[in-house]
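**Student:** give me a 3D structure for the following:
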Amino acid sequence: MNFLWPQFLWLQLALPLLVLLYAWLLHRRKKLALRYASLSIVKQALGKGPGLRRHIPPLLWLLALAAMLLAAARPLAVVTLPSQQETIILAIDVSGSMRATDVQPNRLVAAQNAAKAFLAELPRAVKVGVVSFAGTASLVQAPTTNREDLVSAIDRFQLQRGTAIGNGIVVSLATLFPDAGIDLGQLTYGGGQRLRGIAIDQPANDPKPFTPVAPGSYSSAAIILLTDGQRTTGVDSLEAAKMAADRGVRVYTVGIGTVDGETIGFEGWSMRVRLDEETLKAIAKQTQADYFYAGSAADLKKVYETLGSRLTVEKKETEISALLAMAAALLSVLAAGLSLWWFGRIA
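**Tutor:** Take a look at the predicted model:
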């Protein structure tokens, strides 16, 4: 546990002194009572044997004081709180290799089913957008809280050739930051920008310089990217990941399919596919997110369940002074109530 004002912890040293003072007062009271000549008077002075009950209210007062002194030091603790995520972009690979049936019934249907189950578990206040990518990328559903529209968009996926992972990230960023001037066409075909010293994600006619932020610092949105292959065209995946990192957006990557490489054939033609785990891990690491591998439909569903819980709650270092102050108040009220109930006074 950390403290914002640790110097106030020294005040805790007063607690043992108060315990000693309480013990001294009890001893002094006993000595004064023994001065009476009559034993009956002594018993009357000491009370009718309250026993341990007489010590409970002072003990509660002491605990209340300890809580108040601890609150004065402004302690910080890691607690689980509702996430501030407002928008999540699902970027899903719709390349031809998603027809493969190594993940039952096939990769695409498994991805669709897992994505829809993910939507069902999300809080209704969270907006979700859907991006599909193959040889290029497109926004198939703008961010919305309407789950029916999102399910319909996921069901409309059409398989295409090529795998442009970077394009999927760029279109997702353009959706999250519509006023940032992120142009996929310019990034894909305007490579001369880098030769002129202009940032890859900064329009050539934009006079305002772009100021990067810390990776993972943008808490209002996140991207979940699912793919079963490796980039074959489009914007470089790691350059796109840097764009996301510079804007603080986390890109959680999900790999599905064959890691070692496999030749998949269907409808009279075949293709060699291999999951590029190294790049997916690099994308997640660069954006302060995580990579997940799903080798089956059940694994994929668990991945989305994990992502759902991770994106709707978060562990955060938070000041808990108010909780300690409330505990101190409750202990004080309890001590006063017990003292009045048992002894007819606040002692």
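
**Student:** element containing Leu90?
**Tutor:** Using DSSP states H and E, Leu90 falls within strand 87-93.

**Student:** Val251 bridge partners, please.
**Tutor:** Per DSSP bridges, the residues bridged to Val251 are Ile223.

**Student:** hang on, isn't it packed against Ile169?
**Tutor:** Yes - the criterion here is Cβ atoms under 8 Å, and Val251 meets it with Ile169 at 6.2 Å. Every residue, glycine included, has its C-beta placed from N, CA and C.

**Student:** max-length helix in this structure?
**Tutor:** If each helix of the chain is counted by residues according to DSSP state H, the longest one is helix 321-343.

**Student:** now do the helices in this protein.
**Tutor:** So, for the chain - with DSSP H - the helices run 14-33, 39-46, 56-72, 107-121, 147-155, 165-176, 184-189, 192-195, 237-246, 277-286, 297-312, 321-343.

**Student:** so what secondary structure elements neighbour the fourth one?
**Tutor:** The criterion is 3 or more Cβ pairs under 8 Å, 6 or more residues apart in numbering; DSSP states H and E, and the helices and strands that helix 107-121 contacts are strand 87-93, helix 147-155, strand 250-256, helix 297-312.

**Student:** just the buried residues of that helix, please?
**Tutor:** Residues of helix 107-121 classed as buried: 107-115, 118-119 (neighbour count, 16 or more other Cβ atoms under 10 Å).

**Student:** and for it, what's in contact with it?
**Tutor:** For helix 107-121, the external contacting residues (Cβ atoms under 8 Å, 6 or more residues apart in numbering) are 90, 92-94, 97-101, 103-104, 128, 147, 150-151, 154-155, 157, 159, 226, 228, 256-257, 294, 296-297, 300-301, 303-305, 307-308.

**Student:** report the buried members of those residues.
**Tutor:** Applying 16+ other Cβ under 10 Å to the contacts of helix 107-121 flags 90, 92-94, 97-98, 100, 103, 128, 150-151, 154, 157, 226, 228, 256-257, 294, 297, 300-301, 303-304, 307-308 as buried.

**Student:** which residues of the stretch 201-347 of the chain score low on pLDDT?
**Tutor:** Counting by pLDDT under 70, the stretch 201-347 of the chain has low-confidence residues at 201-208, 260-272, 312-316, 345-347.

**Student:** can you dump the C-alpha coordinates of stretch 152-162 into CSV?
**Tutor:** Taking C-alpha atoms only, stretch 152-162 is exported to CSV below (Å, rounded to 0.1, in the frame of the first residue of the first chain):
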residue,chain,number,x,y,z
SER,A,152,-26.6,-8.1,-38.4
ALA,A,153,-23.3,-6.5,-39.4
ILE,A,154,-21.3,-9.5,-38.2
ASP,A,155,-23.7,-11.9,-40.0
ARG,A,156,-23.1,-10.0,-43.3
PHE,A,157,-19.4,-10.8,-43.5
GLN,A,158,-18.2,-11.7,-47.0
LEU,A,159,-14.9,-13.6,-47.5
GLN,A,160,-12.3,-11.9,-49.8
ARG,A,161,-8.7,-12.5,-50.8
GLY,A,162,-5.7,-11.0,-49.0
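
**Student:** need the pLDDT of the nearest residue to Gly129 once chain neighbours are set aside.
**Tutor:** For Gly129, ignoring the flanking residues on the chain, the nearest one in space by Cβ to Cβ, 6 or more residues apart in numbering is Pro143 at 3.8 Å. The score at Pro143 is 95. That number is its pLDDT.

**Student:** who's in contact with Pro143?
**Tutor:** 87, 89, 127-129, 175.
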